[in-house]
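**Q** Next input, structure requested:
(chains A and B)
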Amino acid sequence: MAKVLMKGNEAIAEAAIKAGCLHYFGYPITPQTEIAEYMAKRMPKVGGLCLQAESEVSAINMIYGAAASGTRCMTSSSSPGISLKSEGISYIVGCDLPCVILNVQRGGPGLGGIQPSQADYYQATKALGHGDMHLFVLAPASVQEMAELTCEAFDIADMYRVPVLILADGALGQMMEPVDFDTIKKRDIPEKDWAACGHGGKRKKNILTSLFLNPEELENSVLARYEKYKKIDENEVRCEQFMTEDADIVVVAYGITSRICKSAVTAARAKGIKVGMLRPITLSPFPAKELKALSETASKFLTVELNMGQMITDVKLAIECSRPVEFLGRTGGSMMTVEDVLAKIEEMGGNK
Amino acid sequence: MTSRILFAGFGGQGILFSGKQCAKTGMQLGKCVTWLPSYGPEQRGGTCNCSVIISDEDIGSPLVNTPDILIAFNAPSFDKFEPKVVAGGAVFSDSTLISKKSERSDISAYTIPATELANEMNAPKLANVIMLGYVIAKTNIFDFDYFAEKLTASVPESKAELRELNKKALLLGYNYAE
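**A** Down below sits the predicted model:
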């Protein structure tokens, strides 16, 4: 198939269908409503179901049920709607159910605005749900990646029996770029022998629950899950490095801001400044080892985010505060320009 | 070679469509392209714009803050973005709707009464296509015949009667440049 020009939101929806997603539950909210619109059109044609729930809370609980049956399923929303889903997400984690959740971030807090933001970084990577838990978080930076990482999200969810969150933003959701679906790779997925999909009296019933009144049992279930997280940490961390080999300053940015930073890094290199960029593709687990390795040679770090400074904490932890980490951010839906980032890089100096 | 274009006007003037058509044609020519709209309630009126980048290289930031080419369809857009056009760049404006003229000497300023021409051919919605024809003539950003072919191909079968009309509008704008 030739490349097609698509919005990020549409690319996610099409990729989900190509990945075998059969259930989509959601509730409209800007800037991601195109996903529900696309799903409503396409799902019936592949024998799936797209349902507009009465609220985000209902949608995530429908996912809870669909995921328990072993069916590939997905929900999407934007920041305020994601907050509403957090209780259900914790239950899904507690039952070790695979599903894909998408947050096309907008400005906050509260109802905030509808323009692009990355202000839900802490929520996504630290606490999208109560209890001892992590989500696997992917951060696409192009429409092509929106498609690729959506397929990857379904595979990782099934491989490890975990919910996977795709953290995008309004700009990535709304922008159009060429997409090629033919290049997308698929993994081998283990049999879902745990699913509660009817045993027909032929096998022992599968029980999926997050309720363990016996503290020892609950502790064991959490410990087992953390063993799984360890495997994910070992095998699934992903990042892109751009001109970092000899970089004196390393810019750290993800999603749409990484695009702005890439242009700024290229412009700074043209001025002879030794600067590079590390772009986390997985935000949780975070590419800490890769950053630590760069701290051996780089003298300064700069994180660029559409918030007041959230990922900067993870960068400081990753490099164990061994180098200064500066910050450049815009919030509330405004975006920094390439010139803003370039000016900051120049201000930081750096060896030529 | 990279062209950074900003289309700006009111919701309903075909701003997003014009940008998309340029991005799509660029993609079909094998170039890297991005299309980023201002989004929100603009469909119901209000100002609206979109950034289009067409490049031979991978595109970093999809935002066009300082365009090489500005295509303005209303006065507020002209006032807001004309000062931001890069030196050596071009500004196109619909003179039916924008009386002001660029006073900058470091950019090329082109005007065309696109809305008036569209009304004269009884196709008020095609002012954007007339403008595209004029832009192509002045900038050579696309080959006219190739662009015309892709434009008519993008008109769905259910509106096939609009194909000739679109081509006519594009040609009208193109010929206005002579």
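**Q** for the stretch 201-350 of chain A, which spans come out with low pLDDT?
**A** Filtered on pLDDT under 70, the stretch 201-350 of chain A yields the residue ranges A:350.
**Q** Can you name the residues of it sitting close to chain B?
**A** A:256, A:259, A:260, A:261, A:262, A:263, A:264, A:266, A:335, A:337, A:338, A:339 (Cβ under 8 Å from any Cβ of the partner chain). Just so you know, the C-beta spots here come from the backbone N, C-alpha and C atoms, and that holds for glycine as well.
**Q** Kindly recompute the last result at 10 Å.
**A** Contact residues (Cβ under 10 Å from any Cβ of the partner chain) of the stretch 201-350 of chain A with chain B: A:242, A:256-267, A:333, A:335-341.
**Q** Among the residues you listed, name the ones in helices.
**A** With helices defined by DSSP state H, the entries of these inside them are A:256-267, A:338-341.
**Q** buried subset of these?
**A** Neighbour-count burial (16 or more other Cβ atoms under 10 Å in any protein chain shown) applied to those gives A:256-267, A:338, A:340-341.
**Q** Tell me which two of those sit farthest apart.
**A** Within these, A:256 and A:267 form the most distant pair, 17.5 Å apart (Cβ to Cβ).
**Q** Now do the helix or strand where residue A:50 lies: which elements does it pack against?
**A** Using DSSP states H and E, residue A:50 sits in strand A:49-52. On a contact count with 3 or more Cβ pairs under 10 Å, 6 or more residues apart in numbering or on different chains; DSSP states H and E, strand A:49-52 meets strand A:23-26, helix A:33-42, helix A:56-68.
**Q** Out of these, the one nearest chain B is which?
**A** When the helices and strands packed on strand A:49-52 are compared by Cβ to the nearest Cβ, helix A:33-42 sits nearest chain B, at 10.0 Å.
**Q** contacts for that closest one?
**A** A:6-14, A:16-17, A:21, A:23-29, A:48-52, A:59, A:74-78, A:102, A:104, A:173-174 (Cβ atoms under 10 Å, 6 or more residues apart in numbering or on different chains).
**Q** separation between the spatially closest residue to residue B:94 that is not a sequence neighbour and residue A:202?
**A** Sequence neighbours aside, residue B:114 is the residue nearest to residue B:94 in space, at 4.4 Å (criterion: Cβ to Cβ, 6 or more residues apart in numbering or on different chains). Between residue B:114 and residue A:202 the computed distance is 71 Å (Cβ to Cβ, to the nearest Å).
**Q** Compare these two and say which is more crowded by neighbours.
**A** Using other Cβ atoms under 10 Å in any protein chain shown, the more surrounded residue of residue B:114 and residue A:202 is residue B:114, with 30 against 6.
**Q** got the contact list for the more buried one?
**A** B:13, B:71, B:73, B:92-97, B:126-134, B:169, B:172-173, B:176.
**Q** Helices of the chain, residue ranges please.
**A** No chain specified, so I'll use chain A. Under DSSP H, chain A gives helices at A:8-18, A:33-42, A:56-68, A:79-94, A:121-126, A:143-160, A:170-174, A:215-235, A:255-270, A:288-295, A:311-318, A:338-347.
**Q** Correction: the question concerned chain B.
**A** B:15-28, B:75-81, B:114-120, B:127-139, B:144-153, B:162-176.
**Q** Does residue A:181 touch residue A:4 like I think?
**A** Yes - counting by Cβ atoms under 10 Å, residue A:4 is a contact partner of residue A:181 at 8.0 Å.
**Q** so what's in contact with these two at the same time?
**A** Common neighbours of residue A:181 and residue A:4 (Cβ under 10 Å, 6+ apart) are A:11, A:14.
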